[in-house]
Every structure is written in C-alpha cells, then in structure tokens.
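S.K.: I'll drop the sequence and a predicted model, then ask my questions.
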Amino acid sequence: MSEQLQAEFQAAFQAEVDADGRIEPRDWMPDGYRRTLVRQIAQHAHSEIIGMQPEGNWITRAPSLRRKCILVAKVQDEAGHGLYLYSAAETLGADRDELLDLLHTGRQKYSTIFNYPTTSWADVAAIGWLVDGAAIMNQVPLTRCSYGPYARAMTRVCKEESFHQRQGFEAMTVLANGTPAQRQMAQDALDRWWWPSLMMFGPSDGDSPNSAQSMAWGIKRFSNDELRQRFVDATVPQAEHLGLTVPDPELRLDPETGSYAFGEIDWTEFYAVMKGDGPCNRDRVRNRVAAHEDGAWVREAAAAYADKQARRAAA
Ligand code: 3HC
C-alpha cells in the first residue's frame, strides 16, 4: 500500500473513532490498534475463565440449595463471558488455541484479583459485591468501546455482571445482619478483598503504559484512576449500609465533592502478584491447564462432529 493511501486510511480510521463510530472486523485498522485489542480482550477473557476457580471452589460447600443454584449460575456466566471475549478476539484474527497457550505458559496475563484464596463463604459474597462491582465499573464504559465486537460483547456481559453484583451484596447483607460470627466473617472478607479489588483498575495513571494510546483509540473511555475513584465513591456508602468498616484509615469523605480520599495502594503487592507471586497463581494456572487437557476429548468430538456435518453438507 502506498504511503499516501496508508495515510488516507489512517485519517479515515481516526475520524471514525473521534466521531464515536464503530470499527468493525472488516474495516481497515492500524496494526497497533489490532494488537492492543487482542492483548486486552484476550487477557479479559483469561480473567473470566480463571475467575471461575475462586468461587467454583465453594459450589459443593454453599450454605443452602438456593445459594448453590445462584453460584452455579454465576460461575457458568463467567465461562460464557470468556467465550464471548475469545470470540471477539478471533474477529481480529487471533487464534483461540494460541491465546490459551499464552495463558497456560504465563506469557499473557489475567486479573491479579483471582490469585487470592476464598477462605470462607463470605469471600464468595465479597467477590460478587466488590470484584463484580469493580468489573461493572470498568466494563460499562467498554460497551462504548470503538471496536464493535468488543463493545457488543460487553453489553451482554454487563447485564449478567449486575446480577453477580446484586447477589453478592445480598449475601453480604445476610451475613452482616446475622450472628456476631457471621458479621465478623463479612468484615474479614471486606478486609481481605478491598485493596485487591482497587488493584483491578490497573496501575495509577502515571504508571500506565497503555492508557494514553487506548484512550486515543477510543478503547478506554476513562483512566484507571477515574474508574477506581468511581468505584470507591459508589462502594463506601454500601459498606456503611452494611455496618462494615472499609479497611483504610485514610478514607475521608470530601463533603464538597462527595468523593472519598483514600490511602495508597500497595503497588509492590500488585506487581508481585502480576508477576506470579500471589497466594494462588500457581494453583490457578495448574488447575486451568488440567481442565484444558481433561476437556480435550470434548473439543475433539465436537470438531469431528462438525467435520462430519460439513462433509455431509458438501456431498
Ligand atoms: N491484573 C493483571 N494485570 C494488570 C492489571 C490487573 N489487575 N491491571 C493492569 N494490568 C496489566 C495490563 O494488562 C498491562 O500489561 P500488558 O501491557 O502486558 O497487558 C500493564 O498491567 C499496564 O497496565 P495498563 O493500565 O497500561 O494496561 P491497560 O490499558 O490494558 O489497562 C485494564 C488495564 C484496566 C485491566 C484494561 O486492560 C481493561 O480494562 N481490561 C478489560 C477489563 C478486564 O480485563 N478486567 C479484568 C477482570 S474481569 C472480571 O473481573 C470478570 C468478572 O466477571 C469478575
């Protein structure tokens, strides 16, 4: 392609993004735009399927049939979110098997939040309330992402995340209004999950190498710190409603802005967990690889059936 034609395509692409338009799979797009989307969508998908493990550990130990049914539905939803997102990545030319291999070999990331253990039932409640609450804060703007398939996948994901967050908050409400031991469980879970949930929004803006370009391309609509602040401002009143204490002695409401100042995140912990030194990193990836290997026969059977159907249709 001539430099002039490339420049014309680039200008038309950026004009579409700047006009809040949608870029579709068959449209021309800069290689960097494609690469950034594959990176983010793949790691988003990895997070969804790894995220099934912390809560999945509690399906056989849920405190009632009702809670078990809700939890099964939620964990199944996460698998479906992974499916939508891998499919969105495939519209960019990514190969799903290659993406999974990058996950299995530690060459692509998933959200640090899923490397923490779920040591009590209250953790399952706190994950729904805080982790899915943070996910909603981050994913709603993605429904207006410039890349069509990603934005559309997010629309359905966010509807299901709302159920996830509500069921978590309801479970926290039951514990917070329960026996003293249950209240303590709820408080302990808030203490364990509060700061790792703030880390879900990524490094602070000054340390985010991808944000500026992602915002120029209409992939990111708000900065990491903006969305983190929105999450804190929305969630602290919920904790107060539960009668629980957010584990941050520096939390202060600014009555003029209605916003909360909060303490410094432990970025050493964040980068250590991202690097693979979290409490559960090895278990999560080992379980993931085992599940992939155990499921090989299902993929082979489905592929054989599809192949037979295709040959029958072609005959
Ligand atoms: N865990 C692991 N890695 C993280 C991270 C986290 N919490 N936050 C940031 N990172 C990584 C980024 O991937 C990037 O590394 P890379 O260049 O190798 O990919 C690096 O840290 C620098 O971060 P940036 O802010 O520059 O990177 P991004 O612009 O990609 O922003 C993000 C990070 C905000 C997570 C963005 O990728 C995003 O919005 N992703 C989509 C949402 C998502 O993936 N959420 C994860 C949780 S999914 C979930 O919660 C499911 C729910 O059902 C429970």
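M.R.: All right, it came through fine.

S.K.: Backbone dihedrals for D20, please?
M.R.: phi 60, psi 30 (degrees, to the nearest 10).

S.K.: is it true that it touches A151?
M.R.: No - using Cβ atoms under 8 Å, D20 makes no contact with A151, being 10.9 Å away. Placement of C-beta: from N, CA and C, glycine included.

S.K.: intersection of neighbour lists for these two?
M.R.: R144 (Cβ atoms under 8 Å, 6 or more residues apart in numbering).

S.K.: So which of those two has more stuff around it?
M.R.: More crowded of D20 and A151, by other Cβ atoms under 10 Å: A151, with 19 against 9.

S.K.: so what secondary structure elements neighbour the helix or strand hosting Q76?
M.R.: Assigned by DSSP states H and E, Q76 belongs to helix 65-90. Counting by 3 or more Cβ pairs under 8 Å, 6 or more residues apart in numbering; DSSP states H and E, the packing neighbours recorded for helix 65-90 are helix 31-50, helix 52-56, helix 96-104, helix 148-176.

S.K.: which of the residues in it are buried?
M.R.: By neighbour count on 16 or more other Cβ atoms under 10 Å, the buried set for helix 65-90 is 67, 70-71, 74-75, 77-78, 81-82, 84-86, 88-90.

S.K.: Q108 and V157, how far apart?
M.R.: Going from Q108 to V157 by Cβ to Cβ, to the nearest Å gives 19 Å.

S.K.: Which one of those two is surrounded by more residues?
M.R.: V157 (25 against 18).

S.K.: one step back: which ones among the buried residues of helix 65-90 also lie next to the ligand?
M.R.: 78, 81 (Cβ under 6 Å from any ligand atom).

S.K.: pLDDT (mean, whole number) over stretch 23-30?
M.R.: On average, the pLDDT along stretch 23-30 is 97.

S.K.: for stretch 97-111, same thing?
M.R.: 97.

S.K.: Name the residues that touch that stretch?
M.R.: For stretch 97-111, contacts defined as Cβ under 8 Å, 6+ apart pick out 38-39, 42-43, 45-47, 50-51, 86, 89, 200, 274, 276, 284-285, 288-289, 292.

S.K.: redo that, cut-off 6 Å
M.R.: Stretch 97-111 is contacted from outside by 42-43, 46-47, 50, 200, 289, using Cβ atoms under 6 Å, 6 or more residues apart in numbering.

S.K.: How about stretch 278-289?
M.R.: With Cβ under 6 Å, 6+ apart, stretch 278-289 has contacts from 50, 53, 104, 115-117.

S.K.: buried residues in that stretch?
M.R.: For stretch 278-289, by 16+ other Cβ under 10 Å, it's 278, 280-281, 284-285, 287-288.

S.K.: Just put the residues you listed in JSON lines and tack on secondary structure.
M.R.: Below are these laid out as JSON lines (DSSP: H, G, I helix; E, B strand; the rest coil):
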{"residue": "G278", "secondary structure": "coil"}
{"residue": "C280", "secondary structure": "coil"}
{"residue": "N281", "secondary structure": "helix"}
{"residue": "R284", "secondary structure": "helix"}
{"residue": "V285", "secondary structure": "helix"}
{"residue": "N287", "secondary structure": "helix"}
{"residue": "R288", "secondary structure": "helix"}
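
S.K.: Adding pLDDT, write those out as CSV.
M.R.: Output for those, formatted as CSV (pLDDT from 0 to 100):
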residue, pLDDT
G278, 97
C280, 97
N281, 97
R284, 98
V285, 97
N287, 98
R288, 98
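
S.K.: Specify which member of the residues you listed is nearest to the ligand.
M.R.: Nearest to the ligand among these is G278, at 9.7 Å by Cβ to the nearest ligand atom.
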